[in-house]
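>>> predicted structure and sequence below. I'll ask about it afterward.
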Amino acid sequence: MSIPSRLSGYLSEHGTHYAVKAHPHSRSSAETARLANIRPHQLAKSVIVEDEQGPVMAVVPADQWVQLGRLSQLLGRRTLRLSSEDSIASLFADCELGAVPPVGMPWGVPTIVDTELDASELVCLEGGDHESVLVVSNAQFRELMREARRGHFSKVRTH
């Protein structure tokens, strides 16, 4: 699968310069980071949550978890929960499940970005499939995400 046209159009509209980095098929963001030889903290992953008001895309580093309570508080929404795979598949029909790019705007999904991603010089994005990531500078990522809300709502993953 190639980059979804909604995403490539959005990247083009914003003058985003990016490189595509291919990697062997992966099944998780942690595996994507390992196979693409990038630090997990540089890989921006999307987590789709929803409530009666609709879906929201939360964007966090791959080595972090979304704190739903904190996110709900930031957004002023009380009943946020993880979206079902069926809901995600219908919203992002042009993407492989589990490889949704962390840029919700082309799909009309409100997006909030965790400030933890500010620490990385480069940011890597799922490209809509399980075999490529897009690599952008942090400045390009900030420009790309300028319409998104920002805040801190993640915590380090512990195994």
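Yep, it's here. Numbers count the residues shown, from 1 in each chain.

>>> who's in contact with the spatially most central residue of the chain?
For the chain, the residue sitting closest to the mean C-alpha position, by CA atoms, centre = their mean, is residue 102 at 2.1 Å. Residues in contact with residue 102, defined by CB atoms under 8 Å, 6 or more residues apart in numbering, are 44-46, 57, 59, 111, 113, 125-126. Bear in mind the C-beta positions are built from the backbone N, C-alpha and C, glycine included.

>>> please redo it, this time with the cut-off set to 7 Å
The contact partners of residue 102, taken as CB atoms under 7 Å, 6 or more residues apart in numbering, are 44-46, 57, 59, 125-126.

>>> got it, and residue 91?
Counted by CB under 7 Å, 6+ apart, residue 91 has contacts 55, 107, 109.

>>> look up how far residue 11 lies from the first one.
Residue 55 is 21 Å from residue 11, where distance means CB to CB, to the nearest Å.

>>> looking at the two, which is more packed in?
The neighbour comparison of residue 55 against residue 11 (other CB atoms under 10 Å) goes to residue 11, with 21 against 18.

>>> in three-state terms, label that one for me.
helix (DSSP: H, G, I helix; E, B strand; the rest coil).

>>> touching, it and residue 18? I think so.
Yes. Contact criterion CB atoms under 7 Å: residue 11 and residue 18 qualify, at 6.4 Å.

>>> the strands in this protein, which residues?
Per DSSP state E, the chain carries strands over the ranges 19-22, 43-51, 54-61, 64-66, 81-82, 111-114, 122-126, 132-137, 149-151, 154-156.

>>> which one of those strands lies nearest to residue 88?
Residue 88 sits nearest to strand 43-51 of all these, at 5.1 Å, using CB to CB.

>>> partner strands of that closest one, parallel or antiparallel?
Paired strands of strand 43-51, with direction, are strand 54-61 (antiparallel), strand 81-82 (antiparallel), strand 122-126 (parallel) (DSSP bridges).

>>> quick one: that strand to strand 132-137, angle?
Going by axes from the mean of the first three to the mean of the last three CA atoms, to 10 degrees, strand 43-51 is angled at 100 degrees with respect to strand 132-137.

>>> pLDDT weak spots in the protein?
Where the chain drops to pLDDT under 70, the residues are 1, 159.

>>> redo that, cut-off 80
1-2, 157-159 (pLDDT under 80).

>>> beta partners for the closest residue to residue 154 other than its chain neighbours?
Once flanking residues are discounted, residue 154 sits nearest to residue 64: 3.7 Å by CB to CB, 6 or more residues apart in numbering. With DSSP bridges as the criterion, residue 64 is bridged to residue 156.
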